[in-house]
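Curious how this folds, go ahead:
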Amino acid sequence: MNPLLRKLLGPRQTQYFLVNHHFIIQETSAEVQNYADTPGDAIPGADARLSFPELIGIENILMSIIMGRLPGFEIKGIARFADQNRPLYFDMLAIKYEEEQEYVPSKLLILIEDTTEKMVMKQSLIQRANEANLLVSALAASKDYIDKVIRSMGDALLVTTTLGNIKRINQSSQWLFGYSEAELIGQPLSLILLEETLISQARHRYILSHKELRRELEIVCTTKAGEEIWVEFSCSAIQTELEGLYDFIYIGRDITERKQQEIEIRRSLAKEQELRQVKSRFFSMIAHEFGNPLSTVLFATKILQDYGDEITHAEKQQYLQHVKSASQQMAQLLDDVRLLSSAEAGKLEFYPAPVDLKKFCSELVESIKISYGKNHTINFIYKELVTPAKQNDIDSQETQELPALDPKLLRHILTNLLSNAVKYSPLDSNIYFELNCQNEEATFKIKDGGIGIPLEDQEQLFESYYRATNVGKIPGTGLGLSIVKQCVDLHGGEIEFSSEIGLGTTFIVRIPFDKQR
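From the prediction side, this is the model:
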């Protein structure tokens, strides 16, 4: 090609290709392949109509240009869609091209100008103009009718864009949520929704797959005043004038009162279910715990009645001891049930009185050893913080005011914890009972090396009639720790524990002195 023509085309970013009178490509510019219908076909020696099918059907016009009968021919708005996200538009201008050499046949020069940016802008402007015209037309035809319907609605109505921004509300929405129209328009729907996940998911599913929107979505909303309310939304989508764009309509009704009633009903049902379970455990426990001692009493009395003249005095005493032990066991069980019932009814009374804790605990340990711990060693350790004032006065401990605790409740606390430590520990094992009085507080620490408490049982350990899953055939009612917790609470104290399966359990009870003074 003429070098001068190349210089003229270069700055304009115009591509070209030359064809002869048989429409065979003779020469191309560097980037002409980008505009070919099939990239790679626009090469010298190939038929130009294969790569530019727009030339098919206008061969006579193109021959007229080569022969000088027509000055040129232009084809505008040719499109290529190899990349769906970025269409390509260009114009083609065909003109005659004469070689500088004589007797060389003329050729056809086809110039290609990229018009993508111009066409996209033009299409965008046309699209916007069309949207505006359609909108104006639709609004003019239906605005008055729609306004009357919306104003008459008793339910809240909100219209949002595809992105969830509020574009219209009615008066009922303003009353329900406490915002003015100006405060809501243009704001995201999340402004009034405490949890937007359900609505946003439904909106996205509809956009992607046109799945039907849910008609009843119960969502917690928040008013301008910060009050939480339950609103039941019915959702629908409306195709806008623009294809693929939707408005979403939400019609909401305040169901706060209904939800509160439902929550109360569920709470009542759960409580009733819990009571049934407690009742079931109670009767199961009564049947089991009373069954064994009753059987013992019946058996012993039967022996004494039928064979009283045949057995020795020592044997009679042994059977009478069995009756006595079984009776004491049943009496203790009844006492526990009465105590727990009083506590749960709020009738368990608290009578603090001065208590010599060291003496009280020492005597209690001896009692536990006799009743429960014949095969265990209970180590009692007493610690007391000695203040400088006490060091200067030898008799200060005797004259010091004793802490005020309820001896009866304290006995329940320590007896249950110590008897459990003995019951769930292997024979001949050590139980450690530590009393620490300091900082106007008594700390009771009871540690055993027993079976331990499974992690899954620890949360319910202080519930009435609940027993850990690993107790096996070890007797028990599931009342002890519940009673302990009630008694500790009445003292204004705290109880905590740590346990590991097979390595034992440690209970720590802290009871303040100053609360009872």
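
pLDDT weak spots in the stretch 101-250 of the chain?
198, 202-205, 207-215 (pLDDT under 70).

switch the cut-off to 50
Residues of the stretch 101-250 of the chain meeting the criterion pLDDT under 50: none.

Next: the stretch 251-400 of the chain.
Looking at the stretch 251-400 of the chain by pLDDT under 50, you get 386-392, 394-399.

mind redoing it with 90?
The model of the stretch 251-400 of the chain has pLDDT under 90 over residues 251-255, 258-260, 262-264, 266-353, 355, 357, 363-379, 381-400.

which stretches of it form strands?
Under the criterion DSSP state E, counting those that start in this stretch, strands of the stretch 251-400 of the chain are mapped to 353-354, 377-384.

Ala331 is nearest to which of these?
Evaluated with Cβ to Cβ, the strands of the stretch 251-400 of the chain place strand 377-384 nearest to Ala331, the distance being 23.8 Å. In short, each C-beta sits where N, CA and C put it, glycine included.

what comes up buried for that closest one?
Neighbour-count burial for strand 377-384, counted by 16 or more other Cβ atoms under 10 Å, picks out 378, 380.

Next: stretch 240-253.
240, 246, 248-253.

okay, those residues in CSV with distance to Asp147 next?
What follows is the buried residues of stretch 240-253, written out as CSV (distance: Cβ to Cβ, whole Å):
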residue, distance to Asp147
Thr240, 18
Tyr246, 21
Phe248, 19
Ile249, 15
Tyr250, 18
Ile251, 16
Gly252, 19
Arg253, 21
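
Pick the one among these closest to Glu500.
Nearest to Glu500, judged by Cβ to Cβ, of the buried residues of stretch 240-253 is Gly252 at 53.3 Å.

can you tell me which residues contact that closest one?
Taking Cβ atoms under 8 Å, 6 or more residues apart in numbering, we find Gly252 in contact with 155-158, 173, 176, 221, 231-234.

Mind doing that once more with 6 Å?
156, 231, 233 (Cβ atoms under 6 Å, 6 or more residues apart in numbering).

So which of those residues are in helices?
Using DSSP state H, no member of these falls in helices.

With respect to Lys408, which of the residues you listed is nearest?
Distances from Lys408 to these, taken by Cβ to Cβ, are shortest for Val231, at 54.6 Å.

any idea how far the closest one is from Ile251?
10 Å (Cβ to Cβ, to the nearest Å).

How about Lys143?
From Lys143 to Ile251 the distance is 19 Å (Cβ to Cβ).

Tell me where the stretch 51-200 of the chain has helices.
For the stretch 51-200 of the chain, the helices defined by DSSP state H, counting those that start in this stretch cover 59-66, 116-152, 171-177, 181-184, 197-209.

Can you add distance to Ala270 and give those helices back as a markdown table?
Shown next, in a markdown table, are these (distance: least, Cβ to Cβ, whole Å):
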| stretch | distance to Ala270 |
| --- | --- |
| helix 59-66 | 87 |
| helix 116-152 | 42 |
| helix 171-177 | 31 |
| helix 181-184 | 38 |
| helix 197-209 | 25 |
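
Can you add mean neighbour count and distance to Pro354 and give those back as JSON lines?
Below are those laid out as JSON lines (neighbours: other Cβ atoms under 10 Å; distance: least, Cβ to Cβ, whole Å):
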{"stretch": "helix 59-66", "mean neighbour count": "16", "distance to Pro354": "122"}
{"stretch": "helix 116-152", "mean neighbour count": "11", "distance to Pro354": "77"}
{"stretch": "helix 171-177", "mean neighbour count": "19", "distance to Pro354": "62"}
{"stretch": "helix 181-184", "mean neighbour count": "14", "distance to Pro354": "66"}
{"stretch": "helix 197-209", "mean neighbour count": "15", "distance to Pro354": "61"}
